[in-house]
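*Asks:* just a sequence and a predicted model for now, questions to come.
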Amino acid sequence: MWRGDPERRAVLVARPESFLRQTVVGAGMRYAVVDADGRVVAGVRTGSGRAAVRTAAETQLPWTLFVSAAERPSTTGLNAQQRYLLFGISVMVLFLILGTYFIAGAIRKESETSRMQADFVSAVSHEFRSPLTSMRQLSEILAQGRIFSEDRRQLYYETLVRETARLQRLIEGLLNFGRMDARARHFRFEELDAALLVQRVVSEFETQMAGTGRRIELSGTESRCLIDADAEAISVALRNLLDNAIKYSPDYPTVWVEWGVHRDRVAIQVRDKGSGIAHSERKAIFRKFVRGTAATATNAKGSGVGLAMVRHIVAAHGGEILVASEPGQGSAFTMLLPLVVRS
């Protein structure tokens, strides 16, 4: 570039980039300077895209100027707004899936509870119907004077007493369960000898099943096993375990009851050789209204609240209930209660 008159000329020599970059190119723009032979003197010229062209005649420069928008890098990913939108949709879908899952679980649980309650009502109704039917029939026969044998009349009286006691136990069991379930059962703790308590409960139970051909074998340590417990509550728990052992072992006449000291706890175990319990049911059977498959297999009567009561009573005494069982080999239920140590 030159300027001046014939007497004085001023000449500026510079590379095209030194002024075209600041003059022509802005953000996102690309330029190319091409001489008369088509060679790129400065910048970069791509063969794609539209470009603004200024020829040498228009610019009074010895080059042709090409200016175009810079090619945007291809974006295979998503911009920030799209990512935020996608994240929001993902969160909504996740909440929808989780909500559906929990609602379906709640509905399934509620349906299962309703079914178990219906089974409970049916079982309790059947339990009550049996003694009531017997009592009604025997009462009608006695009231109508249709019994002429004194021995048979005495037998009917004994049957009425037995069925009345059975009905009383059913009612007391349901009342105890209702109080425990409502947390309204108050325990009266006192120092007891577990061995004497077990012997008394077993003696009462043997009286109730007299004439059935069943028997209970006792074994335990001779030393005193002192526990701080509610005698009535522990008796209820032990009677429930004995009742289950007899019901679920119809082909074996013997049930074993053992007691002793295991470390710092008193262990009271009821063992049978009955149908046993499947491994998948060992935790479920301690929930209320739940009856295992053995109940259906042996056609055993029951309401499904006995073991739930046992667990509640033992837990209230600071103890633990354990079960060891194999299908077809029998079961062993062990109540572990804190041992009272006298200083």
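*Replies:* Thanks, I have it.
*Asks:* state the distance from A194 to R224.
*Replies:* Using C-beta to C-beta, to the nearest Å, we find A194 at a distance of 8 Å from R224. The way it works is simple: take the backbone N, C-alpha and C, and place the C-beta from them, glycine included.
*Asks:* more crowded one of the two?
*Replies:* A194 (26 against 14; other C-beta atoms under 10 Å).
*Asks:* now the more buried one, nearest residue through space, not along the chain?
*Replies:* Closest residue to A194 apart from its sequence neighbours, by C-beta to C-beta, 6 or more residues apart in numbering: C225 at 4.0 Å.
*Asks:* and the one you found, what does it touch?
*Replies:* C225 is in contact with 193-195, 259-261, 266, 339, counting by C-beta atoms under 8 Å, 6 or more residues apart in numbering.
*Asks:* got the buried residues for stretch 316-332?
*Replies:* Buried residues in stretch 316-332, defined by neighbour count with 16 or more other C-beta atoms under 10 Å: 316-317, 319, 321, 325, 330-332.
*Asks:* what's the span of it from first residue to last?
*Replies:* 21 Å (C-alpha to C-alpha, to the nearest Å).
*Asks:* using PDB, write out every CA atom in stretch 37-52.
*Replies:* Written as PDB, here are the backbone C-alpha positions of stretch 37-52 (Å, rounded to 0.1, in the frame of the first residue of the first chain):
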ATOM      1  CA  ASP A  37      -3.900 -16.600  -9.400                       C
ATOM      2  CA  GLY A  38      -6.400 -18.100  -6.900                       C
ATOM      3  CA  ARG A  39      -3.900 -18.700  -4.200                       C
ATOM      4  CA  VAL A  40      -5.000 -18.100  -0.600                       C
ATOM      5  CA  VAL A  41      -2.800 -15.300   0.700                       C
ATOM      6  CA  ALA A  42      -4.400 -15.100   4.200                       C
ATOM      7  CA  GLY A  43      -7.100 -16.800   6.200                       C
ATOM      8  CA  VAL A  44      -8.900 -20.100   5.400                       C
ATOM      9  CA  ARG A  45     -11.300 -20.700   2.600                       C
ATOM     10  CA  THR A  46     -13.600 -23.700   2.800                       C
ATOM     11  CA  GLY A  47     -15.400 -25.100  -0.100                       C
ATOM     12  CA  SER A  48     -18.800 -25.300   1.700                       C
ATOM     13  CA  GLY A  49     -21.300 -22.800   2.800                       C
ATOM     14  CA  ARG A  50     -22.200 -19.400   1.400                       C
ATOM     15  CA  ALA A  51     -19.700 -16.500   1.500                       C
ATOM     16  CA  ALA A  52     -19.800 -12.700   0.900                       C
END
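*Asks:* quick one: mean pLDDT for it?
*Replies:* Stretch 37-52 shows a mean pLDDT of 75 in the predicted model.
*Asks:* the stretch 101-250 of the chain: strands as residue ranges?
*Replies:* For the stretch 101-250 of the chain, applying DSSP state E, counting those that start in this stretch gives strands covering 190-193, 215-220, 226-229.
*Asks:* now render those strands as CSV, adding mean neighbour count, mean pLDDT and distance to G145.
*Replies:* As requested, the strands of the stretch 101-250 of the chain are arranged in CSV below (neighbours: other C-beta atoms under 10 Å; pLDDT from 0 to 100; distance: least, C-beta to C-beta, whole Å):
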stretch, mean neighbour count, mean pLDDT, distance to G145
strand 190-193, 14, 92, 49
strand 215-220, 14, 92, 38
strand 226-229, 21, 92, 50
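*Asks:* CSV for those, including distance to R136?
*Replies:* Output for the strands of the stretch 101-250 of the chain, formatted as CSV (distance: least, C-beta to C-beta, whole Å):
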stretch, distance to R136
strand 190-193, 40
strand 215-220, 31
strand 226-229, 39
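*Asks:* hang on, the earlier thing: ok, the residue nearest to A194 to A237 distance?
*Replies:* 16 Å.
*Asks:* got the domain boundaries for the protein?
*Replies:* Per automatic domain parsing, the structural domains of the chain span 2-69, 80-181, 190-338.
*Asks:* and those domains, which is most packed in?
*Replies:* domain 190-338 (a mean of 18; mean count of other C-beta atoms under 10 Å).
*Asks:* span of it from start to end?
*Replies:* One end of domain 190-338 sits 13 Å from the other (C-alpha to C-alpha).
*Asks:* which residue ranges of the protein form helices?
*Replies:* Ranges of helices within the chain are 17-23, 56-59, 80-143, 150-181, 194-208, 231-247, 293-298, 306-316, based on DSSP state H.
*Asks:* could I get the ones you listed as JSON lines with distance to L218?
*Replies:* Shown next, in JSON lines, are those (distance: least, C-beta to C-beta, whole Å):
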{"stretch": "helix 17-23", "distance to L218": "106"}
{"stretch": "helix 56-59", "distance to L218": "119"}
{"stretch": "helix 80-143", "distance to L218": "28"}
{"stretch": "helix 150-181", "distance to L218": "22"}
{"stretch": "helix 194-208", "distance to L218": "6"}
{"stretch": "helix 231-247", "distance to L218": "11"}
{"stretch": "helix 293-298", "distance to L218": "25"}
{"stretch": "helix 306-316", "distance to L218": "19"}
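*Asks:* which one of the strands of the stretch 101-250 of the chain lies closest to T100?
*Replies:* strand 226-229 (47.6 Å; C-beta to C-beta).
*Asks:* that's all I had, so thanks and see you.
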